[in-house]
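Engineer: make a model of this:
(one chain, ligands or ions: 1)
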Amino acid sequence: MDWTVKQGFEIEPFLQQLVGEARALPVSGKVADYIPALAQVNPDKVGLALATVEGKLYSAGDSTTEFSIQSLSKILGLVMAMNRIGDSLWQRVHMEPSGLPFNSIVQLEYEHGIPRNPFINAGAILIADVLASHYSASRQAFISFIRKLAGSDQIFVDEDVLQSEKQHGSRNAAMAYLMKSFGNVEGDVDRVLDHYFYQCSVNMTCEQLASSLTFLANRGLQPVTQRVICSRRDAHRVNAILSTSGMYDQSGEFAFTVGLPAKSGVGGGIVAIVPGYGVICAWSPRLNHFGNSCLGMHMITGLAEQLGLSVY
Ligand SMILES: NC(=O)CC[C@H](N)C(=O)O
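Structural biologist: Here you go, the predicted model:
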């Protein structure tokens, strides 16, 4: 990859340039408001961070401001479920792109309550069922896992977002009940949704997200501490599904223009994994109609092009 030959390249000034350019672009997109508490965020925030497998951290803009991680939590939930129940997981959730919006319900009935992949809402709710039934306190286990990865105890859930998710979560509840009717969700639906909404409502910064996920760029090993977070095979699998499904129904275009495993959340965050190199996290709350951050996409595209990061 090109980045190996760009040793003299100054990364941080380039991140600052990308943030500056993003801020100067004409406004496009809209903050998620179907969860009303998310609409309270300042829409003009722009943050960018890059954490490398060598333990270096570069950042620019609002990279130390907390935001709602939303669907970025689906990556961590998946890793926990893989670690907990192994390959039997793949009988209950598949690994194909859905070709539909992240919160679509139509496919789920045709496909007998088995979600297309772990990164659409139905798939993440199924994972929440696995976690809720395999941990006595799954919410605590989840936040402890994130804190361990981030090396910080200062990571919390936003209670306003959590309540707002619960009050406006009918569509997610419908999916959970549909999967329950097929026997795929095994536990109590309220408990499953409680876990799902909790993990979506965690707040983190770009810097924390980028450094927490470096194990995925490093074959499952956390750089610096050398702790095994997941197997090499599972790191490969997570990245593979991120490549095909992490950006929802824009995953094809993202592979075409950027070429990195990536995941977005409706809080405006996007993380992109560069295997062997590091993790990028971009944040800006205005979303396009796929639910992906407009400026986040713009900045990651610029960074991937400049450093030649595509895996293809
Ligand atoms: N794409 C997302 O970030 C969706 C997560 C959100 N909490 C929901 O369930 O709708």
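
Engineer: and residue 9, what's its pLDDT?
Structural biologist: Listed pLDDT for residue 9 reads 78.

Engineer: typed the wrong thing, it's residue 2
Structural biologist: 52.

Engineer: close to the ligand: what parts of the stretch 151-300 of the chain are there?
Structural biologist: Proximity of the stretch 151-300 of the chain to the ligand (C-beta under 6 Å from any ligand atom) is limited to residues 165, 172, 200, 265, 266, 291. C-beta: built from backbone N, CA, C; applies to glycine.

Engineer: quick check: closest non-adjacent residue to the spatially most central residue of the chain.
Structural biologist: Nearest residue to the geometric centre of the chain (C-alpha atoms, centre = their mean): residue 72, 2.1 Å. Take residue 72 and drop its neighbours on the chain: the residue closest to it by C-beta to C-beta, 6 or more residues apart in numbering is residue 265, 4.4 Å away.

Engineer: what's around the one you found, how many residues?
Structural biologist: Residue 265 has 28 neighbours, counted by other C-beta atoms under 10 Å.

Engineer: next one: the one 10 residues further on
Structural biologist: Around residue 275 there are 19 other residues, counting by other C-beta under 10 Å.

Engineer: so it sits against residue 217, correct?
Structural biologist: Yes. Counting by C-beta atoms under 8 Å, residue 275 touches residue 217, with 5.4 Å between them.

Engineer: okay, now residue 85: neighbour count?
Structural biologist: So residue 85, with other C-beta under 10 Å, has 15 neighbours.

Engineer: return the residues in contact with it.
Structural biologist: Contacts for residue 85 (C-beta atoms under 8 Å, 6 or more residues apart in numbering) come out as 130, 134.

Engineer: and for residue 119?
Structural biologist: 71, 74, 75, 78, 102, 241, 242, 245, 246, 248, 263.

Engineer: from those, which ones fall inside helices?
Structural biologist: 74, 75, 78, 241, 242, 245 (DSSP state H).

Engineer: return the member of the residues you listed nearest to residue 134.
Structural biologist: residue 78 (13.5 Å; C-beta to C-beta).

Engineer: now do that closest one against the ligand, distance only.
Structural biologist: Noted for residue 78: a distance of 14 Å to the ligand, by C-beta to the nearest ligand atom, to the nearest Å.

Engineer: quick check: that residue touching residue 239?
Structural biologist: No. Checked against C-beta under 8 Å, the pair residue 78 and residue 239 is beyond contact range at 11.3 Å.

Engineer: the two - which one has more neighbours?
Structural biologist: residue 78 (27 against 21).

Engineer: pLDDT wise, what is the more buried one at?
Structural biologist: Reading off the model, residue 78 has pLDDT 98.

Engineer: spatially nearest residue to it, not counting backbone neighbours?
Structural biologist: residue 118 (4.6 Å).

Engineer: now for the one you found, how many residues are close by?
Structural biologist: Residue 118 has 31 nearby residues by other C-beta under 10 Å.

Engineer: ok, now the one 4 residues further on?
Structural biologist: The number of residues packed near residue 122 is 30, by other C-beta under 10 Å.
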